[in-house]
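K.L.:
Requesting a structural model of the entry that follows:
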Amino acid sequence: MIRLSATLIVHNEEKNIVRCIESLRTVADEIVVVDSISTDKTAEICRSLGCRVFAREFDGYGTQKQFAIECSSNSWVLSIDADEVITEELKNEILEWKRTGGAQSVHGFRIPFSLYFMGKILQHGGVGKELHLRLFNRDHGGFTKVPVHEGIRVNGTVGTMRGRIVHYSYRDISHHLEKINFYTTRAAEGYVSRGKHFSRCWVPLKFPISFFTFYVIKGGFLDGYPGFMWSFLAAVYATLKIAKTIEINPNR
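P.N.:
Take a look at the predicted model:
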């Protein structure tokens with residue numbers, strides 16, 4: 001039978017962490033939490049729920065998540081965020097995979113994601129059919145170390161699960177804007193560090209092109225008002241990422 005470690009990196013997640021951990025308890029043989037020195041009760045809550053908790057100063061998403069992987073006791077790891085929950089279907093699928101031992105030739109699994117936004121699970125707008133590699137054998141892969149939008153790379157065959165992870169990313173519009181501000185700054189810093197440049201004339205074009213892509217081409221309008229707001233804010237994100245890159249680029 002396969003043994004599985006679930007890993008999380010957290011910072012001031014007391015509002016989300018119980019929901020996440022409770023969804024993991026039946027499938028994970030251990031839950032490893034790396035806390036970026038939270039000032040709320042996140043670490044205390046995690047310990048009370050039986051997690052192994054490590055404190056570490058935050059130095060980037062990829063490096064922080066890789067540290068969590070290295071702290072785990074098992075070769076197979078499910079990396080999940082504090083604002084995510086695994087569905088019952090995915091729980092049952094993972095339990096069956098663990099029981100049967102899985103195919104020896106498969107070293108990772110992509111998992112379908114659903115975004116819960118403004119009281120609704122979005123089905124369109126580019127977020128209805130997302131797949132992310134989150135379950136993998138750490139002996140054959142690990143996290144990239146980019147400043148933002150880190151990912152897992154696996155040397156070997158990657159399969160796909162049917163069950164989903166539901167992402168409760170945004171509490172409200174204000175919280176969404178806070179995250180947009182944070183992530184666009186980190187993304188811009190990553191672009192500049194890699195020597196990427198953008199022309200200023202691209203900024204006024206980026207918003208309408210992005211909004212049309214999310215709302216019309218990718219069908220965001222089919223999700224009603226939440227679909228409109230998601231498309232609008234996604235276009236804001238795309239535009240600000242370029243504008244901030246131009247702003248902080250020393251060679252602009």
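K.L.:
Within its sheet, name the partner strands of the helix or strand where residue 111 lies and how each one runs.
P.N.:
For residue 111, the enclosing helix or strand under DSSP states H and E is strand 106-117. Within its sheet, strand 106-117 is paired with strand 120-121 (antiparallel), strand 130-137 (antiparallel), strand 157-160 (parallel), strand 165-167 (parallel), according to DSSP bridges.
K.L.:
Out of those, flag the one nearest residue 195.
P.N.:
Residue 195 sits nearest to strand 130-137 of all the strands paired with strand 106-117, at 27.2 Å, using C-beta to C-beta. Yep, even glycine has a C-beta here, placed from its N, CA and C like the rest.
K.L.:
With only the CA atoms kept, save that closest one in PDB.
P.N.:
Provided in PDB are the C-alpha atoms of strand 130-137 (Å, rounded to 0.1, in the frame of the first residue of the first chain):
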ATOM      1  CA  GLU A 130      -7.700  23.600 -15.300                       C
ATOM      2  CA  LEU A 131      -5.300  20.700 -14.500                       C
ATOM      3  CA  HIS A 132      -2.400  21.000 -12.100                       C
ATOM      4  CA  LEU A 133       0.300  18.500 -11.300                       C
ATOM      5  CA  ARG A 134       0.000  18.200  -7.500                       C
ATOM      6  CA  LEU A 135       0.400  14.500  -6.600                       C
ATOM      7  CA  PHE A 136       3.900  13.100  -7.400                       C
ATOM      8  CA  ASN A 137       6.800  10.900  -6.300                       C
END
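K.L.:
centre of the chain versus it, how much separation?
P.N.:
Centroid separation for strand 130-137 versus its chain: 10 Å, with C-alpha atoms, centre = their mean, to the nearest Å.
K.L.:
for the helix or strand that that strand is followed by, packing partners?
P.N.:
Toward the C-terminus, strand 130-137 is succeeded by strand 141-143 as the next helix or strand (DSSP H and E). Counting contacts by 3 or more C-beta pairs under 8 Å, 6 or more residues apart in numbering; DSSP states H and E, strand 141-143 is packed against helix 61-71, strand 152-154.
K.L.:
Tell me how this protein divides into domains.
P.N.:
Structurally, the chain divides into domains by automatic domain parsing as follows: 4-167, 173-248.
K.L.:
Please state the mean pLDDT value computed over stretch 90-102.
P.N.:
Stretch 90-102 shows a mean pLDDT of 93.
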